[in-house]
Every structure is written in C-alpha cells, then in structure tokens.
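Peer 1: let's see this in three dimensions:
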Amino acid sequence: MELICYYGWWVLTNGIMQYASFQFLTVAGTASSCPGIRCHPSAGYAAFWLTANGFLTLVNTAFHVTGAVLLYAILLILFSRFALSLRGSTGFAPAAVTITLYTFTEGFSALIMYWVSSNLHSAAAGQAIQMFLSLTMDILYVGALRLMQKRYSSVSGAGAEAHSCLFAACFVLVLSIEGGMKLYDFGFEQFLRTIGLSASFKLLFIMVGGLILFFAILRSFHNNLCLAAQQAEAFFLRKRQKGLEDYLGKLKKQNEEYASFQHDIDNHLLVVSELIRGQKCEEAAGYADKLYARGRFSTEFPFAGSTAVDILLQEKLGYAREYGIKTTCRVRIPQVLYPYELELCTILANLLDNGIASCMKGGIKQKESPFLSIKTKEKAGFLLIEAVNSSETCRIFKEGTGLKNIRAAAEAFGGTVDIENKDGVFRIRVLLCLPKIREEG
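Peer 2: Next up, the predicted model:
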C-alpha cells in the first residue's frame, strides 16, 4: 500500500506539471503560429498527453532512468508537431521554453536531493523530503509557465526570426546544463559524488545564473513581441491615415465639382427652358440627360458620421454596384462609437464581404437581380446593424471566418448576433451595447 501511494504521488505531481505544459503549448504555440486565434484542443489530446507522461513517470520512478528528461523532450516535440500541429520555429519555440524550464527544475531537484542524501541517513525522512521538494518544484514550475503563458498570449505576431532566436537560446541552455551536469547521462548520480559538495555548490550558482539568463532572454523576447505589435499597429495607423487623406481629397474634389455645377445650374436650366419653348424636345431631353449624368457624383459618397466607416462603405458598395448588385445603405454611427472605428469597420467589412460573395454565388440562379442592404438603428442604448442580401434558396449555411470575426467583435461590445437564412434571403442582425459617456462634473 505504501508503495502504491508513493508511485501515485509521483504520477500526481508530475501530472500537474504536464497538464501545465499542455496548457502552455496550446496557448503559446497557437498565439505564435496563428496570431489572434486561440486553440482549444479536444480532451482526448490532454488525456493522451497525461497518460503518456504518467507512464514515463512510472518507468522513471521504478527504474531510476536518469535519461527520462531526454525522452520527455522528444515526446514533447513529437506531440507539438503531430497532435497540436505546431510547425517551424514559431511553433517549437514554446516547446523549447518548456523543455528548458523542465531541465532547470530537474537540475535543481537533483542537486538538492544530493545534499539531502549526503547529510541525512534516514530513508523515511529522505523520502518525505523528496516528496515535499517535488511538490515545491511543481508549484514553481506551474507558476513560471502561467507567467510566461500570459506574456505569450497577451502579444502575438512576432516573426519567425524572433522565435528562431528564442529556440536557439533555449537549445544552448539545455546543452550547457547537460554538458556541465551530465543530467541526461546514466552516470549522473556518480558524477555528483565525484565532484563533491563544494563543487556542487558552485554548480548551483551556475544553475542560478543560467536561470536568470533564461528569464532575461524571455523578457527580451517579450519586448520584441511588443515592439512587433507596435510596429504592426503603427503600419495600420499610417495606412488608415493615408486612406483618410485620400478620402478627404476625393471629398474636396467632389465639393469643388458640386460648387461648379451649382454655379452653372441656372444657365443649364435656362438652356433647357429655351429648348422646350422652341419645341425642340429631343434636344432638351438629350441636354437634360447629360445634365443628370454630370450631377450623379453627388450621391456616390455615403455619410455615416464616421470618416473611416464612410470610406469602407464607399469602397465596398462601389465594388458591389460594379457587379450589378442593387445596394441600399442607411448607416448612421452614433458619436459615442467614433473611438471604436476599427471594431465597427471589422463588423461592417465582414457583413458586406459576406453579402457580396453570397450575391455573386447565387446571382446566376436567381430570377431577380441580386441585392444587398445594410442599415443601422439606434434605440435605448443599443445599436442594431442589419445586413440583408440575396442568397441561393437551397444553399447550406456554414459559419466561416467572417461571421466568427463578427461574433467576436460583437461580444466585445456585450452584444449578440442573430442569423436567418430562408427563402433566398440571408439576414444577419448585430446588436451592440453602446458605451456610456463619462460625465465630467
């Protein structure tokens, strides 16, 4: 019974560590390989991971296989590649971080237990200290992984070069520990007896220095991630500013044309009037058609109240009209949402893109011309965005990336998404909670 409890203890404590490793890989690995996407692997992967590592723990506890850490590293890399589908340096860098931290944990545990066994001759007391030490190391390991997981998941998008540097640094640290302590060799315990207690203390200080260097590397990597995110944001802001400048330039040109048109409208009307009086109806009709065509520019630009939203609506609806899609736009953005133009553009862009794609797929089979309508309505602290478009009657609806992005953006406002697809009409309603304006006293 005592032996079963002993083995059970080691399986339990190592299971805690391995589950923390599994969580770190699923969050940090996918944040690096697929920025903005959060992976939620099935429970089967977690069960397989814990079972495999539990078996490895039992074997190591029963036969004292000092090379078990190396087997764990191999298992970790294979699991990351084939179960979690993490590829390249961006996927394997988190695995390297886990292996490095695990190696430090094993190294510190081995040194401490060597000192305990050298000064303590009671087997029962030594076993109790060993179990307490394993629990302490597990807590520190899990805490360190949680901290690093937050740093990985809070910022993503660094290039492969940064992850390659992190992977290489971790690889060098692991090799250094292995070379200095022979941690993966079967003669590890004999090596510690050979160097003696004084040398083992020096080895401890070297390990502490390596651990400090490891966390310094991680901090530098996190700073690089933050810098990459800031550069990406700065690029987006520059692109957005350029779009605003182009839009304002178009508005200025349109206003000049409109002012010129207004200046000459009296003369044009006089010409039409004289042609009619002279019973030259065909010439009057032709002149009026030319006048109408020239004045159509005044209806090309939507006015939603937000410059960024106006640009988006102009581009998307103009694209839809080029493909013969009948469009209707009645969008008005409340002033309280002006600071959230990026989120609004995400919702509207995906609504319009999905609508245009649906119209183009079903347009050939439809008897009537394809249509696309987008409207907003503000009431009682909510903004309702409704998009309606023609669709294939028998088309099987599947929720894709666009709708997932809409749901995510709506949830950020505490809102909901309602979808209806029947009788050749696709309708989606997005309800957003309007943020309250802070009143200054």
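Peer 1: in stretch 335-345, which residues are buried?
Peer 2: By 16 or more other Cβ atoms under 10 Å, the buried positions in stretch 335-345 come out as 337, 340-341, 343-345. Using the backbone N, CA and C atoms, a C-beta is placed for each residue, glycine as well.
Peer 1: out of the residues you listed, which sit inside helices?
Peer 2: Those of these mapping onto helices are 341, 343-345, per DSSP state H.
Peer 1: for E282, state which of the buried residues of stretch 335-345 is nearest.
Peer 2: Taking Cβ to Cβ as the measure, E282 lies nearest C345 of the buried residues of stretch 335-345, at 47.8 Å.
Peer 1: and that closest one, how far from G414?
Peer 2: 19 Å (Cβ to Cβ, to the nearest Å).
Peer 1: if we can go back for a sec, reformat the ones in helices among the buried residues of stretch 335-345 as CSV; add pLDDT and distance to L111.
Peer 2: What follows is these, written out as CSV (pLDDT from 0 to 100; distance: Cβ to Cβ, whole Å):
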residue, pLDDT, distance to L111
E341, 81, 57
E343, 84, 52
L344, 88, 57
C345, 86, 56
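Peer 1: for M131, give me its contacts.
Peer 2: Residues counted as contacts of M131 (Cβ atoms under 8 Å, 6 or more residues apart in numbering) are 9, 13.
Peer 1: counting by contacts, list what the host helix or strand of P94 packs against.
Peer 2: Per DSSP states H and E: P94 is located in helix 88-119. Using 3 or more Cβ pairs under 8 Å, 6 or more residues apart in numbering; DSSP states H and E, the elements in contact with helix 88-119 are helix 2-24, helix 30-33, helix 68-78, helix 123-154, helix 160-181, helix 188-277.
Peer 1: recalculate using a threshold of 6 Å.
Peer 2: Contacting helix 88-119 under the criterion 3 or more Cβ pairs under 6 Å, 6 or more residues apart in numbering; DSSP states H and E are the following elements: helix 30-33, helix 68-78, helix 123-154, helix 160-181, helix 188-277.
Peer 1: buried ones in it?
Peer 2: Buried residues in helix 88-119, defined by neighbour count with 16+ other Cβ under 10 Å: 89-108, 110-114, 117.
Peer 1: same check on stretch 271-280?
Peer 2: Here stretch 271-280 shows 272, 275 as buried, counting by 16+ other Cβ under 10 Å.
Peer 1: distance from the chain centre to that stretch, please.
Peer 2: Relative to the centre of its chain, stretch 271-280 is centred 66 Å away, using Cα atoms, centre = their mean, to the nearest Å.
Peer 1: show me what it is in contact with.
Peer 2: In this structure, residues lying in contact with stretch 271-280 by Cβ atoms under 6 Å, 6 or more residues apart in numbering are 283-284, 287-288.
Peer 1: give me the mean pLDDT for it.
Peer 2: Mean pLDDT, computed over stretch 271-280, is 80.
Peer 1: any chance you could give me that stretch in CSV, C-alpha atoms only?
Peer 2: This file holds the C-alpha atoms of stretch 271-280, laid out as CSV (Å, rounded to 0.1, in the frame of the first residue of the first chain):
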residue,chain,number,x,y,z
VAL,A,271,-30.9,76.4,-71.9
VAL,A,272,-33.4,73.5,-71.2
SER,A,273,-36.2,76.0,-70.8
GLU,A,274,-35.5,77.7,-74.2
LEU,A,275,-35.2,74.4,-76.0
ILE,A,276,-38.6,73.4,-74.7
ARG,A,277,-40.1,76.7,-75.6
GLY,A,278,-38.7,76.3,-79.1
GLN,A,279,-40.4,72.8,-79.2
LYS,A,280,-37.0,71.1,-79.6
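Peer 1: got the buried residues of stretch 335-345 as JSON lines, with distance to R429 columns?
Peer 2: JSON lines is the format used below for the buried residues of stretch 335-345 (distance: Cβ to Cβ, whole Å):
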{"residue": "L337", "distance to R429": "17"}
{"residue": "Y340", "distance to R429": "19"}
{"residue": "E341", "distance to R429": "21"}
{"residue": "E343", "distance to R429": "17"}
{"residue": "L344", "distance to R429": "15"}
{"residue": "C345", "distance to R429": "18"}
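Peer 1: of the residues you listed, closest to C226?
Peer 2: For the buried residues of stretch 335-345, the minimum distance to C226 (Cβ to Cβ) is 21.6 Å, reached by E343.
Peer 1: check which helix or strand the closest residue to that closest one other than its chain neighbours maps to.
Peer 2: In space, and not counting its chain neighbours, E343 is closest to A409: 5.1 Å by Cβ to Cβ, 6 or more residues apart in numbering. Applying DSSP H and E as the criterion places A409 in helix 401-412.
Peer 1: can you list the residues that contact that helix?
Peer 2: Helix 401-412 is contacted by residues 343, 346-347, 350, 354, 417, 430 when judged by Cβ under 6 Å, 6+ apart.
Peer 1: list the buried residues of it.
Peer 2: 402-403, 406-407, 409-410.
Peer 1: can you read off the pLDDT for the closest residue to L140 other than its chain neighbours?
Peer 2: Leaving aside its chain neighbours, L140 sits nearest to T105 (7.4 Å; criterion: Cβ to Cβ, 6+ apart). Looking at T105, its pLDDT stands at 84.
Peer 1: hang on, the earlier thing: sheet partners, orientation included, of the helix or strand following the helix holding A409?
Peer 2: The C-terminal neighbour of helix 401-412 among helices and strands, as given by DSSP H and E, is strand 416-422. Strand pairing for strand 416-422, using DSSP bridges, gives strand 425-433 (antiparallel).
Peer 1: what's the mean pLDDT across the partner strand?
Peer 2: 92.
Peer 1: mind listing what's buried in that strand?
Peer 2: Buried residues in strand 425-433, counted by 16+ other Cβ under 10 Å: 426, 428-432.
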